[in-house]
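A.B. asks: Sequence plus the predicted model coming up.
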Amino acid sequence: MPARSEGEFIDALRRGHPELIEGAEVLRAKRVSVVAKREGVLELARALRDEYGFTHPVSAGAVDYVKEGRMQMIYYLMNPDSRFMLMLRVDLPRDDPRMLSMTQIWEAMSFHEREAWEMFGIDFEGHPNLMHLLLPPDWRGGYPLRKDFKGEGISP
Amino acid sequence: MREAEVKPEVMRISWGPQHPMSGQTRILIDVDGEVVRRIIADIGFTHRGIEKILERRTFLQGIVPIERMVMVDTANVALAYVQAVEEALGIEVPERAKWIRSLICEMGRINSHLYAFGLQVECTGYFPAVFLWTTVDREVLLDLFEKLTGARWSYSFFIPGGVRADLPEGFRDEIREAVRYLRRRFQDYWDAMVENPLFEIRNRGVGVLSREDAIRLGATGPVLRGSGVDMDVRRDEPYAAYGDLDFKVVTEREGDCFARLKVRYHEIGQSLNMMEQIADEIPGGPVRMKVPLFPRSKRDVEALSRVETSRGELGVHIFTDGGLKPYRVRINSPTLRNMYVFERLAELDRVLVADLPVVLYSIDPWYLDCDR
């Protein structure tokens, strides 16, 4: 069921999987954003890949909203036929930042999830190889990209 | 025979980070005789935390650190950041500035592709002269950069609201002259390298990435287009002046190292055409809008800017909180994506130890971009 326009895709997703999404919107031409529920994110990801053609993983990263007590993990995905870019967002509570790994659906998210794990402390369940990517293997200095990270007192 | 059942011994070799050809990264390879069974890319040796640095700089100050991501292709990286800032702060850009931006980006792409081209040829071991040729020919572009921006590298020429200066007197003729010179040189490269049977033997059929795998593994840039996937941000989501420029997205079907090299080669030709078109058709008008030195952002705005750099799609995603600095900047780097493809290539295709440098440099890695 190839969606012809961004609006059609959002409507189809709202009809097809209302229980898995919290919100969906068209940002502008060729850009859509979907907020997923944490529990059903794997099911939604599988549907996005197999039914809606988002087979091309681009990247993933997180944002730390420290005042609201949440973090948001964002997966950037492309549909190679329609060239739509999708931002799949998952809100995680800051005191329990844990979600299922997307590597089962998009293998190439492996590097990006490793980065989010070491930089934000988000735990990806089911990731095959969760270890340091950019930081040294013996890093004990905390999570550098969190907003409450203080760089002092850490020896290189 | 019993001997065939003996499990061959697999040896793990660490290549880099101090090896002259590995670059600033360590690559672990599991070898079974001459065949590479597994590649593990141990990146992160040049991690400087640019995403965090940008959170502590004002919007204008951020241009300098982000340029340090890819020195050889500064313009495209800076453009991604500047466009994201403009979108987040609602700044307009005059038409002439957009054309100058495209001009510098295409010059940067040629500069970067020349470097990649020279290195990949160098990796085959036959032709050390070609790397010197490409290095010398880059001087033509670096001189143009110097004349236009005042610096040969990291020129910080793009600012929110336009570019820092207009084209100097007689610059359009100099572009045309440079294009003429480079066209002649590229014919030499084609004859000496691409049609050279020795070079072809070392590159054709090596490190093959199929179309499906390229999409599935998230390859980007010449790696993706070398596998026959017709994707280019410049055409799919036009920015700067690309909506008005005539160019063709170059693809090759084979997906091997030779195809990736040919994509870069033909992209240089497309960029030269674009340079000429810009010199002929650039519109008049102002080149920058008045923008305050310390612009304040609105609350909770986010802007994602996508740019096709020489290595592939670069995304800069800026989140604001109403302050003078960005709240968070996420950089989607192209080399990080292609490094994952490189890791997987040993399982997708038969890679020999002797071919490993060619395979690595065919993805055109830039570790500073990969590590950020």
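C.D. replies: That came through, no problem.

A.B. asks: How about the contacts made by the residue nearest to residue B:15 when sequence neighbours are not counted?
C.D. replies: Once flanking residues are discounted, residue B:15 sits nearest to residue B:27: 4.6 Å by CB to CB, 6 or more residues apart in numbering or on different chains. All C-beta spots, glycine's among them, are computed from the backbone N, C-alpha and C. Residues in contact with residue B:27, defined by CB atoms under 8 Å, 6 or more residues apart in numbering or on different chains, are B:14-16, B:39-42, B:356, B:360.

A.B. asks: Emit the PyMOL select command for whichever of the residues you listed are buried.
C.D. replies: In PyMOL syntax, the buried subset of those is picked out as below (16 or more other CB atoms under 10 Å in any protein chain shown):
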select buried, chain B and resi 15+16+39+41+42+356+360
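
A.B. asks: Just the pLDDT for residue B:287.
C.D. replies: Looking at residue B:287, its pLDDT reads 88.

A.B. asks: Surely it is in contact with residue B:158?
C.D. replies: No: the criterion here is CB atoms under 8 Å, and residue B:287 misses it with residue B:158 at 10.9 Å.

A.B. asks: Counting neighbours, go ahead and name the busier of the two.
C.D. replies: Neighbour count, other CB atoms under 10 Å in any protein chain shown: between residue B:287 and residue B:158, residue B:158 has more, with 31 against 21.

A.B. asks: how close does that one sit to chain A?
C.D. replies: Computed as CB to the nearest CB, to the nearest Å, the residue B:158 to chain A distance reads 22 Å.

A.B. asks: ok, and the closest non-adjacent residue to that residue?
C.D. replies: With sequence-adjacent residues excluded and distances taken as CB to CB, 6+ apart, residue B:158 is closest to residue B:82, at 4.5 Å.

A.B. asks: which SS state does the residue nearest to residue A:48 when sequence neighbours are not counted fall under?
C.D. replies: With sequence-adjacent residues excluded and distances taken as CB to CB, 6+ apart, residue A:48 is closest to residue A:54, at 4.6 Å. Residue A:54 falls in the coil class when you classify it by DSSP: H, G, I helix; E, B strand; the rest coil.

A.B. asks: what sits against the residue in the stretch 101-250 of chain B that chain A sits nearest to?
C.D. replies: At 3.8 Å from chain A, residue B:218 is the closest residue in the stretch 101-250 of chain B, using CB to the nearest CB. By CB under 8 Å, 6+ apart, residue B:218 lies in contact with A:56-59, A:106, A:108, B:337, B:340-341.

A.B. asks: Could you dump those into JSON lines with distance to residue B:255, pLDDT and secondary structure added?
C.D. replies: Below are those laid out as JSON lines (distance: CB to CB, whole Å; pLDDT from 0 to 100; DSSP: H, G, I helix; E, B strand; the rest coil):
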{"residue": "A:56", "distance to residue B:255": "16", "pLDDT": "92", "secondary structure": "strand"}
{"residue": "A:57", "distance to residue B:255": "18", "pLDDT": "93", "secondary structure": "strand"}
{"residue": "A:58", "distance to residue B:255": "20", "pLDDT": "92", "secondary structure": "strand"}
{"residue": "A:59", "distance to residue B:255": "22", "pLDDT": "92", "secondary structure": "strand"}
{"residue": "A:106", "distance to residue B:255": "20", "pLDDT": "91", "secondary structure": "coil"}
{"residue": "A:108", "distance to residue B:255": "17", "pLDDT": "90", "secondary structure": "coil"}
{"residue": "B:337", "distance to residue B:255": "16", "pLDDT": "91", "secondary structure": "helix"}
{"residue": "B:340", "distance to residue B:255": "16", "pLDDT": "91", "secondary structure": "helix"}
{"residue": "B:341", "distance to residue B:255": "11", "pLDDT": "91", "secondary structure": "helix"}
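
A.B. asks: just those residues now: which is nearest residue A:125?
C.D. replies: residue A:106 (15.8 Å; CB to CB).

A.B. asks: how many neighbours does the closest residue to that closest one other than its chain neighbours have?
C.D. replies: In this structure, residue A:106 finds its nearest non-sequential neighbour in residue A:57, 3.9 Å apart by CB to CB, 6+ apart. Using other CB under 10 Å, residue A:57 is surrounded by 26 other residues.

A.B. asks: Residue A:57 touches residue A:108, doesn't it?
C.D. replies: Yes: counting by CB under 8 Å, residue A:108 is a contact partner of residue A:57 at 4.6 Å.

A.B. asks: So for the two, which residues contact both of them?
C.D. replies: By CB under 8 Å, 6+ apart, the residues touching both residue A:57 and residue A:108 are B:217-218.

A.B. asks: quick one on the thing from earlier: ok, so what distance separates the residue of the stretch 101-250 of chain B closest to chain A from residue B:252?
C.D. replies: As for residue B:218, its distance to residue B:252 is 19 Å (criterion: CB to CB, to the nearest Å).

A.B. asks: Please apply the same query to residue B:112.
C.D. replies: 19 Å.

A.B. asks: So for these two, which sits in the more crowded spot?
C.D. replies: Legend: neighbour count by other CB under 10 Å for residue B:112 and residue B:252, higher for residue B:112 (25 against 19).

A.B. asks: Return the distance of the more buried one relative to residue B:181.
C.D. replies: Applying CB to CB, the value for residue B:112 to residue B:181 is 18 Å.

A.B. asks: Can you verify residue B:148 is assigned to a helix?
C.D. replies: Yes: membership of residue B:148 in a helix is supported by three-state DSSP.

A.B. asks: Now the strand or helix carrying residue B:118: buried residues?
C.D. replies: Following DSSP states H and E, the helix or strand that holds residue B:118 is helix B:95-123. By neighbour count with 16+ other CB under 10 Å, helix B:95-123 contains the buried residues B:96-123.

A.B. asks: how far out from the middle of the chain is it?
C.D. replies: The chain centre lies 8 Å from the centre of helix B:95-123; the measure is CA atoms, centre = their mean, to the nearest Å.

A.B. asks: Going by contacts, tell me the helices and strands next to it.
C.D. replies: If you count contacts as 3 or more CB pairs under 8 Å, 6 or more residues apart in numbering or on different chains; DSSP states H and E, helix B:95-123 packs onto helix B:74-89, helix B:128-149, strand B:162-163, helix B:171-189, helix B:257-281, strand B:299-309, helix B:356-362.

A.B. asks: So which of the ones you listed is nearest residue B:371?
C.D. replies: When the helices and strands packed on helix B:95-123 are compared by CB to CB, helix B:74-89 sits nearest residue B:371, at 13.9 Å.

A.B. asks: That concludes my questions; thank you for your assistance.
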